[in-house]
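Peer 1: what follows is a predicted structure for the sequence shown.
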Amino acid sequence: MRHDHLITSKQLSRANIETILDYAAELDADPSAVSDRHAGTVLGLLFFEPSTRTKMSFETAMKRLGGDVVDMGSVESSSVTKGETLADTVRVIEGYADALVLRHPKQGSATMASEFVDVPLVNAGDGAGHHPTQTMLDLYTIRENAGLDDLTIGIMGDLKYGRTVHSLAYALTNFDTRQHFISPESLQLPREVVYDLHQQQDGTGIREHESLEDVLPSLDVLYVTRIQRERFPDENEYQKVAGEYQIDAATLEAASDDLTVMHPLPRVDEIAPEIDETDHAAYFEQAHNGVPVRMALLDLLLSDDGDAGLTGGDGDE
Amino acid sequence: MRHDHLITSKQLSRANIETILDYAAELDADPSAVSDRHAGTVLGLLFFEPSTRTKMSFETAMKRLGGDVVDMGSVESSSVTKGETLADTVRVIEGYADALVLRHPKQGSATMASEFVDVPLVNAGDGAGHHPTQTMLDLYTIRENAGLDDLTIGIMGDLKYGRTVHSLAYALTNFDTRQHFISPESLQLPREVVYDLHQQQDGTGIREHESLEDVLPSLDVLYVTRIQRERFPDENEYQKVAGEYQIDAATLEAASDDLTVMHPLPRVDEIAPEIDETDHAAYFEQAHNGVPVRMALLDLLLSDDGDAGLTGGDGDE
Amino acid sequence: MRHDHLITSKQLSRANIETILDYAAELDADPSAVSDRHAGTVLGLLFFEPSTRTKMSFETAMKRLGGDVVDMGSVESSSVTKGETLADTVRVIEGYADALVLRHPKQGSATMASEFVDVPLVNAGDGAGHHPTQTMLDLYTIRENAGLDDLTIGIMGDLKYGRTVHSLAYALTNFDTRQHFISPESLQLPREVVYDLHQQQDGTGIREHESLEDVLPSLDVLYVTRIQRERFPDENEYQKVAGEYQIDAATLEAASDDLTVMHPLPRVDEIAPEIDETDHAAYFEQAHNGVPVRMALLDLLLSDDGDAGLTGGDGDE
């Protein structure tokens, strides 16, 4: 029997998403209810790229469900260095585990790998591709702080390279949202992503800006991402751009008192530490939400009937 | 009280082997029967060389028994870099664990280390020496697919350097088997191994060949190993040899329909992917068998009376 | 609610220390009594420097309490390489864990980190700063072998750079001890540490020596530390000093039959292997004592009321 896989947030309908978020909220309120749910169950971790928070929160989620993990370890210490293909590696490790979590630098690798295994596989990031569990914890955090309907959100920073941003933007089209994208011109959303978003939502919901100033007062949520130095051939150019997209207390004077500030972390200078202690800051809570959201997903994927309802358009039955 | 150690498959009699394989089959059929057997028990992992599948399957086996592991981590991150001897390292870590698993690049290191500790120690590979749990999972796979008596097996590839092959060949002399060794002349079995095998078994059971062609039709099992590029000073020579010892669908046209193809993995080009979906392919199953076999071994070694019956000639009582 | 943190052994009164050591002895005698105490509880490990025995014994301790760990892994594989601050890293990981263990190369980092988190944080070494759990297992080993009162101890080797030695010496001033410090002049205790010790104890309890010879017969315990080659610009100078501070059977002819020899390990040449099998040797036992001592500390820190009694002067109520 083939199990469900979770490869992209695009496979999730609004009903799927709400099922997961509702269940995550239930687990968040009382994690002890499932602390023995998956005793003896083993989750296989295959991280072909470094990761701290994604890997640790999957591991924590599995252990909070009473289960355990086995970790392939770093690529340098694995059979990959002997020339083993990804298809072989996942087929070996599926023999050790009841489900797999895969992060890999190549876009499309999660889809490819999922075709070789009979246990559920979760994509934890495939290059410039998808990272659906990050999107789910982002949605969970937005819902807890501002609600997902009648939402005005600003997404700011490096919008060109960030799979996190593309996945989130796409998932938000399932809800009644107005999305403002704020970036320097050189780091705008790729045109195909904009096109794709317009297909999902009538164009009135999507706007692009080069400055935060105009839209800040209207925002319920401001989602900030890191601008990576290595994208810029010229250090001066980087400094100029990075400086314009930093948030501090002065910036937020023009914002609503209820504004929620999010960031996928790690941050460097994008958000000043003085914001941390304000009611605006939700980025640490956002990181912590990785645990209940991943608990909910893993529990659904590991359910006995092998059908977590994550592939159809009607996930809540 | 000294416990049993498992250092080499040579210490195991036919009765020992059958006890372990029978128990592994029992666990394979119903792993949940022991899912709480070793709660609170901790297995110490000391891998002085990289390993994916051996380490992960020991870890999985211990967790499926309800226990847990502590891992020394890589040599680079350990006290070994401060000049600590292996004898000191194992004596420290035995204080943390109820049993130890050791992989080390030096032949003889497992025997040496076992003399310093009072908890059971399992050799997971000591250089060109032994790797008895690999042999046990190979035997298990052969027994499940073809039976261990009245067996005709071909062992092909790099027979000169492979401890896996030497251990397996030796263990098979406990059973009624005909062994065909197929390799280029430069990668033949070492003469002392051949001599040793002849001592165990009357010479009629052992044959060496440079080509698979003659023996293929008679084989119940074909065990393929990787020919390592780095053994050849000349790239052309490598390409020629490697090419001759590759298996694909065309090769297997001359084989019995019941032929079982095995490989200790990772493979590079030795077996074409088109074989994977045929009934011949047993190499992923073989890797997966590491879990029930290691569960059986660990459970026997961790048994209360400290005598797993793995050192005498009569292991089944 | 803020929990207790364990940052330095200086925060512990004699009553605190005795509470912990008594409880560790209880756990050592019957670890199974708590094997399910912290099921579902997760300890976060943040080791910004390599460590074998400290990390493994924390991990073992947590697992023997029925709990589990999540490990940040090496710095190279973490978000630290992306420029994340320690304050951010600990605030993210506290969302995954019920308590944190931190090792970091910078002195003062544990105190700083503890100010950002709401879960208990244990300092597992902050550069030249403190390492209180090492001190507790040293005290436990001394108490088991020689008693902590009316004790004459020699502490020998590199006394200049060793945080282990400074912490232990300080903690011992809580008890009725005579401390002899034996080192080459270039590796003497820092003057501020000597001053500090004199403040705690009337000066009669503290003596410095360049040779072991005079004090050896009077010692109950000899605590040996490693002299690190890299402290010496000149190899000959190192060889001369290292040679003078080595212990072998001939050295110990002048010692009491009851002398206990300790070492925080790893050792290089400081103690000859011929001592290992004598009744003097307590260094492997000392390493093993890390488990019951850390079990006791973790259990106290994870207690429901959030007050392990580790910050006041009256820890035994």
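Peer 2: Cool, the structure landed.

Peer 1: so who does the residue nearest to A:His104 when sequence neighbours are not counted touch?
Peer 2: Excluding the flanking residues, the one nearest A:His104 by CB to CB, 6 or more residues apart in numbering or on different chains is A:Phe48, at 4.5 Å. Just so you know, the C-beta spots here come from the backbone N, C-alpha and C atoms, and that holds for glycine as well. Contacts were defined as CB atoms under 8 Å, 6 or more residues apart in numbering or on different chains; by that measure A:Phe48 touches A:Val75, A:Val80, A:Leu86, A:Leu102, A:Arg103, A:His104, A:Pro105.

Peer 1: ok, 7 Å please
Peer 2: A:Val75, A:Arg103, A:His104, A:Pro105 (CB atoms under 7 Å, 6 or more residues apart in numbering or on different chains).

Peer 1: farthest pair in those?
Peer 2: Greatest spatial distance among the contacts of A:Phe48 (CB to CB): A:Val75 and A:Arg103, at 10.8 Å.

Peer 1: compare these two (neighbour count), which wins?
Peer 2: A:Arg103 (23 against 17; other CB atoms under 10 Å in any protein chain shown).

Peer 1: helix or strand right after the helix or strand hosting the more buried one?
Peer 2: When elements are assigned from DSSP states H and E, A:Arg103 belongs to strand A:99-104. Following strand A:99-104 in sequence order, the next helix or strand is helix A:109-114 (DSSP H and E).

Peer 1: what mean pLDDT does that next one get?
Peer 2: Mean pLDDT, helix A:109-114: 97.

Peer 1: next secondary structure after it?
Peer 2: Taking DSSP H and E, what comes next after helix A:109-114 is strand A:121-126.

Peer 1: tell me which strands and helices that following strand is in contact with?
Peer 2: Contact analysis of strand A:121-126 by 3 or more CB pairs under 7 Å, 6 or more residues apart in numbering or on different chains; DSSP states H and E lists helix A:53-64, strand A:99-104, helix A:109-114, helix A:132-145 as its packing neighbours.

Peer 1: can I get the CA coordinates of it in CSV?
Peer 2: Taking Å, rounded to 0.1, in the frame of the first residue of the first chain, the C-alpha atoms of strand A:121-126 are listed here in CSV:
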residue,chain,number,x,y,z
LEU,A,121,8.0,10.9,2.7
VAL,A,122,8.0,14.6,3.8
ASN,A,123,9.8,17.2,1.8
ALA,A,124,11.8,19.3,4.2
GLY,A,125,13.2,21.5,1.4
ASP,A,126,14.3,20.6,-2.1
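
Peer 1: redo the helices and strands packed on strand A:121-126 as TSV? Include distance to B:Asn174.
Peer 2: As requested, the helices and strands packed on strand A:121-126 are exported to TSV (distance: least, CB to CB, whole Å):
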stretch	distance to B:Asn174
helix A:53-64	41
strand A:99-104	37
helix A:109-114	39
helix A:132-145	50
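
Peer 1: from A:Val241, how far off is A:Arg231?
Peer 2: Using CB to CB, to the nearest Å, A:Arg231 is found at 9 Å from A:Val241.

Peer 1: between the two, who's got more neighbours?
Peer 2: More neighbours surround A:Val241 than the other of A:Arg231 and A:Val241, with 19 against 14 (other CB under 10 Å).

Peer 1: list the contacts for the closest residue to chain B within chain A?
Peer 2: Nearest to chain B, among the residues of chain A, is A:Gly95, at 2.9 Å (CB to the nearest CB). Shown in contact with A:Gly95 (CB under 7 Å, 6+ apart): B:Phe284, B:Ala287, B:His288, B:Val291.
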